[in-house]
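S.K.: structure, please.
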Amino acid sequence: MFQHILIPTDGSLLSDSALDRGLSLARASGARVTVVAVTEPFVVLSAEARKIGVSQADHEREVKAAAAGHLAQAARKAAAIGVACETIEVENEHPYRGIIETATERQCDLITMASHARRGITALVLNSETVNVMTHSAIPLLVYR
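M.R.: Residues are numbered from 1 along each chain as shown. As a prediction, this is how the structure comes out:
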């Protein structure tokens with residue numbers, strides 16, 4: 001079935017649910033997984049309150065520590081169910097690009113990730129990373145709702 005599955009994580013509840021389901025799929029199909037956390041670089045102009053008044057060094061330390069925590073949790077979950085797992089943190093200003101580039105470089109044959117299931121005008125205005133992966137990747141994508 002699948003040999004190598006890429007599972008992006010951001011530590012959110014939806015992402016954790018997709019991680020659990022992706023790991024179960026990997027176990028059932030005998031696949032190995034790579035779990036990726038894509039961090040965004042420091043941006044001077046930002047509408048996010050947490051980035052205003054934060055130095056670049058503080059921002060980088062904070063996001064790298066958070067990514068390391070999410071990846072460590074993913075590795076523990078994979079080990080607990082006997083799935084071979086590699087973790088990687090990559091930086092990209094466009095998370096979907098980081099996901100696709102990692103899947104391509106690691107020769108993954110499937111990407112699994114969560115969907116926020118937005119509808120209507122919200123879906124048009126808030127373009128999701130999942131939609132971007134779906135529209136820009138040649139690698140099959142399994143979306144968990």
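S.K.: can you tell me the closest non-neighbouring residue to residue 1?
M.R.: Taking C-beta to C-beta, 6 or more residues apart in numbering, and ignoring the residues beside it in sequence, residue 1 has residue 29 as its nearest neighbour in space, at 4.0 Å. To be clear about C-beta, it is placed using only N, CA and C from the backbone, and glycine gets the same treatment.
S.K.: that neighbour - how many residues pack around it?
M.R.: Neighbour count for residue 29, taken as other C-beta atoms under 10 Å: 12.
S.K.: with the one 4 residues further on instead?
M.R.: Taking other C-beta under 10 Å as the criterion, the count of residues near residue 33 is 28.
S.K.: and the helix or strand hosting it, what does it pack against?
M.R.: Using DSSP states H and E, residue 33 sits within strand 32-39. When contacts are defined as 3 or more C-beta pairs under 8 Å, 6 or more residues apart in numbering; DSSP states H and E, strand 32-39 packs onto strand 4-8, helix 13-29, helix 56-80, strand 85-91, helix 95-105.
S.K.: coming back round to it: state the pLDDT value of the residue nearest to residue 1.
M.R.: Here the pLDDT value assigned to residue 29 is 97.
S.K.: quick one: low-confidence residue ranges for the protein.
M.R.: Along the chain, the parts satisfying pLDDT under 70 run over 44-54, 117-127.
S.K.: cutoff 90 now
M.R.: Scanning the chain with the threshold set as pLDDT under 90 gives 1, 41-60, 115-129, 131, 145.
S.K.: for the residue nearest the centre of the chain, give me its contacts.
M.R.: In the chain, the residue lying closest to the centroid (C-alpha atoms, centre = their mean) is residue 8, at 2.0 Å. By C-beta atoms under 8 Å, 6 or more residues apart in numbering, the contact set of residue 8 is 15, 35, 36, 37, 38, 95, 99, 111, 113, 129.
S.K.: pull the most distant pair out of the residues you listed.
M.R.: Pairwise distances across these peak at 15.2 Å for 35 and 129 (criterion: C-beta to C-beta).
S.K.: neighbour count for these two, which is higher?
M.R.: Ranked by neighbour count (other C-beta under 10 Å), residue 35 and residue 129 place residue 35 first, with 26 against 20.
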